[in-house]
Structures are given as structure tokens and as C-alpha cells.
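Asks: Starting from these lines, generate the structure:
(one chain, ligands or ions: 1)
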Amino acid sequence: MVNWPSNYDDPWTLAGSVSRTGVCLHSGQVTEVHLCPSRKPGIHLSWMDSKDPPITLHPSQVRDTPLCTSLEVGGRRLSMVEHLLAAIAGCGITHVQIVASGGEVPLLDGSSIEWVEAIEEAGLQHAPTLAKKTLPLEKPLVLNRGSSVVAVTPAEKFSLVGLIDFPYRPIGKQMFSVILTPEVFVKEIAPARTFGFLDQVEELRETGLIRGGTLDNALVCDGEKWINPPLRFADEPIRHKLLDLIGDLALVGFPKAQVLVYRGSHGLHSDLASELHKHSSNFAKDS
Ligand SMILES: [Zn+2]
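Replies: Below is the predicted model:
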């Protein structure tokens with residue numbers, strides 16, 4: 001059992017290396033990801049088939065993709081990174097190296113919990129160098145994409161309020177609010193799985209996407225009901241939305257702020273990450 005850090009103030013890395021293998025949602029291929037300790041602050045990526053040194057991940061590498069978050073790093077793409085990055089940042093890891101075998105991160109069970117279990121297996125240790133930090137916000141920040149809105153107000157701690165409003169009866173309006181710590185992330189957010197709608201699933205399959213999607217790695221709703229219950233939380237969808245937001249903020253670090261997001265999307269989250277990046281201390285030097 002790991003004793004999770006009590007907050008996000010200190011630098012942590014893994015005590016050992018660990019790996020997971022699984023099917024990728026979009027390509028349907030099986031890929032492998034290793035997580036290794038790092039002395040250097042940040043999240044670094046290298047490829048199993050290349051001797052090139054690891055590249056430090058940075059918000060400018062994020063590519064706006066409708067169904068997941070992708071990174072373009074050294075001319076190569078790594079897709080579906082958000083649940084892995086959420087687990088890394090959510091657990092309080094500030095120094096880590098990712099070694100990937102292919103262009104997509106395996107979906108595992110559609111949540112972050114299997115990555116959290118991998119991190120538990122590796123164990124945590126104090127990192128030898130300071131982590132990158134976001135500077136305190138001086139004033140509130142509001143961003144929107146259409147009717148999707150995110151509002152950030154300076155606060156003592158990092159807290160999240162998420163709201164969604166879907167026309168589908170099983171989801172409807174949901175709100176989840178939390179002061180985030182690694183322990184809260186592991187218990188309340190990490191197990192929440194991604195969700196989708198049956199009509200969209202069929203459409204995406206026809207276009208050759210979500211080849212690896214099954215009823216084991218996503219909650220699927222047909223408009224009237226969940227077709228693969230039980231849910232892990234009655235409000236699992238909004239918790240997963242916050243999981244995605246946490247993943248999308250992983251490359252800038254968590255602000256000392258309350259982040260309120262209404263109908264969040266990866267595009268809106270990455271707009272927020274770019275804005276917060278302007279307030280980050282050490283990134284400015286290496287970008
Ligand atoms: Zn997700």
C-alpha cells in the first residue's frame with residue numbers, strides 16, 4: 001500500500017519502473033507503456049523503438065483532437081494520453097518518464113484506476129529536484145468554447161467543480177465538487193470510466209475509429225438507459241469529465257485555484273492549460 005502525498009506541494013517520482021499492456025481504443029492495436037523514475041522535473045516521453053533521448057512534455061505539444069488528447073512529440077504522435085496523465089498528476093507524481101511502444105496509450109478499463117494501480121506497484125519516492133509550479137493567479141480567468149465554459153478563481157487549494165447537462169435521461173444534469181488531493185483523486189475520480197452513446201459508437205465504428213472499444217472499457221448509454229451497468233458511482237460521468245480535465249492540466253501543473261467547468265471538452269481544457277502555462281514559473285525558461 002502506498003501512502004499518497006497529502007497535497008500537491010512536494011516533488012515525487014516513482015520508486016521503480018512498471019509497465020502495462022493493452023488494447024488501444026482507436027487503432028485496436030495492442031501497445032505497451034512503461035513508467036520509469038526520473039531525476040528531471042516534468043513528464044518525459046521516449047519510444048521503445050528509438051535510442052533518442054526522452055523529450056519533456058509541454059502544453060504546446062497538445063493537438064486538438066475531438067475524441068481524446070494527443071501529443072505531437074519529436075515528429076511522432078501519442079494519442080489517448082489523458083487518462084495516463086491524469087493518473088500521474090492526480091497521484092502527485094511530478095517527475096516521470098513514459099516509454100511508449102506505439103502511437104496510442106492503451107485504454108485499459110476506460111478510467112485511470114489501472115494506471116494508479118501501476119503507480120502503486122512501482123511505489124513513490126521523493127524526487128531529487130523541485131517540481132515545476134504554476135504561479136498564483138492574480139485575477140479570475142474565464143474561457144469558453146460556445147456554451148462550454150471554464151472559470152478559474154484564485155484559492156488556497158486546488159479544487160474542482162464540474163457540471164454537465166446531457167439530454168440523455170441516464171445522465172441529465174450532474175455536478176461534482178472536490179478539493180483535490182492525491183488520496184481524493186485515487187478514491188473519488190480515478191475509477192470513473194469514460195462514457196459514450198450507442199448511436200455515436202456505431203457512427204465512429206463505421207468511420208474506422210474506436211476499433212478497440214468494447215463494453216469493458218466504456219460506459220455506453222442508449223439514450224434511455226446504460227446498456228452495461230452497474231456504474232461505479234451514480235455520477236460516474238461527471239467524475240470522468242473531471243478526470244479528463246485533470247489529465248489535460250497535467251502538463252502545466254495544478255493551480256492554487258478553484259476551477260469550475262461547465263460542459264468541459266478536451267479543446268476547452270487545452271485552452272485553459274495554455275492560459276495557465278503563461279502563469280507557470282519554470283516552463284517559461286525551457287519553452
Ligand atoms: Zn476520458
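
Asks: Spell out which residues of the chain are next to the ion.
Replies: Neighbours of the ion within the chain, by Cβ under 5 Å from the ion: 194, 244. The way it works is simple: take the backbone N, C-alpha and C, and place the C-beta from them, glycine included.

Asks: Grab the most central residue of the chain for me.
Replies: When the chain is reduced to its mean C-alpha position, the nearest residue by Cα atoms, centre = their mean turns out to be Gly247, at 1.9 Å.

Asks: wait, what's in contact with that residue?
Replies: For Gly247, the contacting residues are 69, 81-86, 89, 112, taking Cβ atoms under 8 Å, 6 or more residues apart in numbering as the criterion.

Asks: Dihedrals phi and psi, it?
Replies: Per-residue torsions, Gly247: phi -60, psi -40 (degrees, to the nearest 10).

Asks: Just the helices from the chain, written as ranges.
Replies: For the chain, the helices defined by DSSP state H occupy 82-90, 113-122, 182-184, 198-206, 236-249, 266-277, 283-286.

Asks: still on that earlier bit, neighbour-wise, which one of the contacts of Gly247 leads?
Replies: Of those, Ser112 is surrounded by the most neighbours, 31 neighbours in total, counting by other Cβ atoms under 10 Å.

Asks: So that one sits against His240, correct?
Replies: No: under the criterion of Cβ atoms under 8 Å, Ser112 makes no contact with His240, lying 9.2 Å away.

Asks: so where's the protein shaky on pLDDT?
Replies: Confidence mapping of the chain against pLDDT under 70 gives the ranges 280-287.

Asks: try 90
Replies: The chain contains residues with pLDDT under 90 at 1-2, 24-28, 63-69, 74, 129-139, 196-218, 223, 266-267, 276-287.

Asks: and which of the contacts of Gly247 is nearest to Val142?
Replies: Checking those against Val142 with Cβ to Cβ, the nearest one is Thr69 at 21.9 Å.

Asks: ok, the closest residue in space to that closest one that isn't next to it in sequence - contacts?
Replies: The spatial neighbour of Thr69 that comes closest, neighbours along the chain excluded (Cβ to Cβ, 6 or more residues apart in numbering), is Glu82 at 4.3 Å. For Glu82, the contact set (Cβ under 8 Å, 6+ apart) comprises 68-69, 243-244, 247-248, 266.

Asks: residue contacts, the residue nearest to Asp271 when sequence neighbours are not counted?
Replies: The shortest distance from Asp271 to any non-neighbouring residue, by Cβ to Cβ, 6+ apart, is to Leu143 (5.2 Å). With contacts defined as Cβ under 8 Å, 6+ apart, Leu143 is in contact with 149-150, 268, 271-272, 275.

Asks: which residues does Leu143 bridge with?
Replies: For Leu143, the beta-bridge partners are Val150 (DSSP bridges).

Asks: So Pro109 is in contact with Leu219, correct?
Replies: Careful, residue 109 is Asp; it's not Pro. No: under the contact definition of Cβ under 8 Å, Asp109 does not touch Leu219, with a separation of 10.6 Å.

Asks: Quick check: neighbours shared by the two?
Replies: The contact sets of Asp109 and Leu219 overlap at Arg193 (Cβ under 8 Å, 6+ apart).

Asks: Those two: who's more crowded?
Replies: The residue with more neighbours, out of Asp109 and Leu219 and counting by other Cβ under 10 Å, is Leu219; that gives 24 against 16.

Asks: Look up the residues forming beta bridges with that one.
Replies: Phe195.

Asks: related to what we said a few turns ago, and the residue nearest to the centre of the chain, how far is that from Arg77?
Replies: Spatial separation of Gly247 from Arg77 under the definition Cβ to Cβ, to the nearest Å is 17 Å.

Asks: so who does the nearest residue to Ile246 once chain neighbours are set aside touch?
Replies: The spatial neighbour of Ile246 that comes closest, neighbours along the chain excluded (Cβ to Cβ, 6+ apart), is Ala86 at 4.4 Å. Contacts for Ala86 (Cβ under 8 Å, 6+ apart) come out as 112, 115, 189-190, 243-244, 246-247, 250.

Asks: got a winner among those residues for most neighbours?
Replies: The most neighbours of any of the contacts of Ala86, using other Cβ under 10 Å, belong to Ser112, which has 31 neighbours.

Asks: Residue of the stretch 51-200 of the chain nearest the ion, please.
Replies: In the stretch 51-200 of the chain, the residue that lies nearest the ion is Thr194 (4.3 Å; Cβ to the ion).
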